[in-house]
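> Quick check, what structure comes out for this input:
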Amino acid sequence: VDNDRRDLDMNSKDVDVEKMTRFVRMNELRLVTEYNPVTAIGVMQSSLQLHLLLITDKMSPKHPKRMRGYRAAAELFKGKILFILVDSNLKSNERTVSFFKLKKSQLPALAIFHSPDEEQDVLTLDEVSVERVQDFCNSFLQ
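A predicted model of the protein is given here:
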């Protein structure tokens, strides 16, 4: 995942089917999955029912810095929340942006979505820091 190798210690006596399955599930997805028509089906069929979307302009000069903070926060919630990047410049993503009742002038924004009951929350922001993402996720989880 994300060119970062993770190993499960198979010499440990406490490795069972459940621990191995959890290890594979946690490491099968990228820390941040870019949402587009190709990945949409996989995102919707993910075993993780809580999705955090960073809706932003990938062409912005601030994009690399935003992604560093977003990826670092994704590491903290691996296996709990699916982190998704939505490029606001793609025409195919306009419906996603409007689903969260956002306008281009309100971006970048974080949108969290619980798929079984469609509960959601939105946070508009200027800077994507680990702390802001973590606080937003924790408040929604509570």
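
> drop to CA atoms for contacts and neighbour counts, all remaining ones
OK.

> buried stuff in stretch 93-107?
Asn93, Glu94, Val97, Phe100, Leu102, Leu107 (16 or more other Cα atoms under 10 Å).

> Tell me which of these fall in helices.
Glu94, Val97 (DSSP state H).

> now, among the buried residues of stretch 93-107, which is nearest to His114?
Phe100 (12.7 Å; Cα to Cα).

> Tell me the predicted confidence for Leu141.
Note on Leu141: pLDDT of 92.

> next one: phi and psi at it?
Leu141 has phi and psi values of phi -60, psi -30 when expressed as degrees, to the nearest 10.

> for Val122, same thing?
Torsion angles, degrees, to the nearest 10, at Val122: phi -130, psi 140.

> That one: neighbour count?
16 (other Cα atoms under 10 Å).

> Let me know whether it touches Ile112 as I believe.
Yes - with contact defined as Cα atoms under 8 Å, Val122 counts as touching Ile112 (6.4 Å).
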